[in-house]
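>>> Quick one, fold the following:
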Amino acid sequence: YARLNARANRLAHALIARGVGPDSRVAVCAERGLNMVTALFGILKAGGAYVPLDPAYPGERLQYILQDADPVLLLADAAGRAALGEPATPQLALEAALPETLSAENPAPRAQASHLAYVIYTSGSTGKPKGAMNEHRGVVNRLVWMQEAYGLTAADTVLQKTPFGFDVSVWEFFWPLMVGAR
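Numbers count the residues shown, from 1 in each chain. Here you go, the predicted structure:
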């Protein structure tokens, strides 16, 4: 986890330098992989809230979410850029190397319990996607409850099977890392 943490910290410092802070929404359009996970952690470490955009979604849905969420920045890999075309939102390529001059140290905590952690878009009762805003306190409450109820350990392995545009993905990402599991 040390390398993941260092990468996420460098990204967080880059995001902070671009003005990302508490309640800033940052969209992530990327395929499942290390760059996507690094993006989520980097955004949270910068104090921002991530808005997941699955590049497999229809283009119209992606464009609607991007416009509705109004993120300050878009982090995308090659698949994400291909799916989105040329949005007006400022972008940062996830596969681009971050300068080694950026600190690999943890940034000072910026988010409070009441700040947004992520905004996930549901199908919406009207047929239009609707953003569900989730604060840090809710995420932490869920993770603490799961740990108390199920007692995951560093010897356990958790399958990350859920697309990151669904709520279940949140505990699949963060619970194992909370206790050092794989």
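
>>> contacts, neighbours, all on C-alpha from now
Noted.

>>> quick one, helices of this structure?
2-17, 34-45, 59-69, 78-84, 136-150, 168-179 (DSSP state H).

>>> What is the second one packed up against?
It refers to helix 34-45. helix 2-17, strand 25-29, strand 49-53 (3 or more C-alpha pairs under 8 Å, 6 or more residues apart in numbering; DSSP states H and E).

>>> hmm, try it at 7 Å
Contacts defined by 3 or more C-alpha pairs under 7 Å, 6 or more residues apart in numbering; DSSP states H and E place helix 34-45 against helix 2-17, strand 49-53.

>>> That one vs strand 25-29, what angle?
170 degrees (axes from the mean of the first three to the mean of the last three C-alpha atoms, to 10 degrees).

>>> Report the angle between helix 34-45 and helix 168-179.
Here helix 34-45 runs at an angle of 80 degrees relative to helix 168-179 (the same axes, to 10 degrees).

>>> hey, C-alpha coordinates of helix 34-45 in CSV?
Extracted as CSV, the C-alpha positions of helix 34-45 are listed here (Å, rounded to 0.1, in the frame of the first residue of the first chain):
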residue,chain,number,x,y,z
LEU,A,34,-4.7,1.2,-10.4
ASN,A,35,-5.1,4.6,-12.1
MET,A,36,-8.8,4.7,-11.1
VAL,A,37,-8.2,3.7,-7.5
THR,A,38,-5.3,6.2,-7.3
ALA,A,39,-7.7,8.9,-8.6
LEU,A,40,-10.4,8.2,-6.0
PHE,A,41,-7.8,8.3,-3.1
GLY,A,42,-6.1,11.4,-4.5
ILE,A,43,-9.4,13.3,-4.7
LEU,A,44,-10.4,12.3,-1.2
LYS,A,45,-7.0,13.2,0.2
